[in-house]
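*Asks:* Sequence first, predicted model second:
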Amino acid sequence: MRRWVLVLSALVAATAIAVSSAGFSSIGSDRGVSVQTVDDKDAYLSLQYPEEPISKDSGEAVHFTVKNQFTEAVKITINYEVKQSGSITDQGSSESDGVVNPENIFSASVELTCASDTDYTVAFDVMAQSDSSSISVDTTDSRTVEVTCKSTDQTDTPTG
């Protein structure tokens, strides 16, 4: 009889292991998520640029300022494109020489040169990366500045 109980117990244990562990394979949970956006000036990378259309004389620059509001230093890169009637006329980037410490500012500018009065769109994107790689951000949408570049060529036309 003992043998019969041992064989039966072993059979039950083997069947339980083979069929199921009485555990579960998945679990579900609902979590609430709250996302809040802020204006460019209040973000961790505070972006300051002309938001309204501006007018510049030929040779003057459009300025962009980025303030590091993170708690650690970051290297900042600003990529820009200058467009006239939808076509790119200039593009480039400006990169901080070293890291920009918290609460410090990095500025970049794009100089516009025009032979006649011309409307431009200057679009820019900002990227920041910390040395520790704990911070790596890019702007998701290009920021744009509408600029009317005024020619400084004052050629006098003789009248006669």
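*Replies:* Looks like it arrived, so ask away.
*Asks:* Is Val62 in contact with Ile78, as I believe?
*Replies:* No. Taking contact to mean Cβ atoms under 8 Å, the distance of 11.4 Å between Val62 and Ile78 leaves them out of contact. Every C-beta, even on glycine, is put in place using the N, C-alpha and C of the backbone.
*Asks:* the more surrounded of the two?
*Replies:* Set Val62 next to Ile78 and count neighbours by other Cβ atoms under 10 Å: Ile78 wins out with 25 against 21.
*Asks:* so what's that one up against?
*Replies:* Remark: with contacts taken as Cβ atoms under 8 Å, 6 or more residues apart in numbering, Ile78 is in contact with Phe64, Val66, Ser93, Ser94, Glu95, Phe106, Ala108, Phe124, Asp125, Val126, Met127.
*Asks:* So the third one lies in a helix, does it not?
*Replies:* No. Under the criterion used here (DSSP: H, G, I helix; E, B strand; the rest coil), Ser93 is strand, not part of a helix.
*Asks:* Provide a list of residues in contact with it.
*Replies:* Ser93 makes contacts with Thr77, Ile78, Asn79, Tyr80, as judged by Cβ under 8 Å, 6+ apart.
*Asks:* in stretch 146-155, what's buried?
*Replies:* Counting neighbours by 16 or more other Cβ atoms under 10 Å, one finds that the buried residues in stretch 146-155 are Val147, Cys149, Lys150.
*Asks:* List just the nearest of these to Glu51.
*Replies:* Val147 (12.4 Å; Cβ to Cβ).
*Asks:* Okay, and the beta partners of that closest one?
*Replies:* Beta-bridge pairing of Val147 under DSSP bridges involves Ile54, Tyr120.
*Asks:* how much space between it and Gln91?
*Replies:* Using Cβ to Cβ, to the nearest Å, one gets 15 Å for the distance from Val147 to Gln91.
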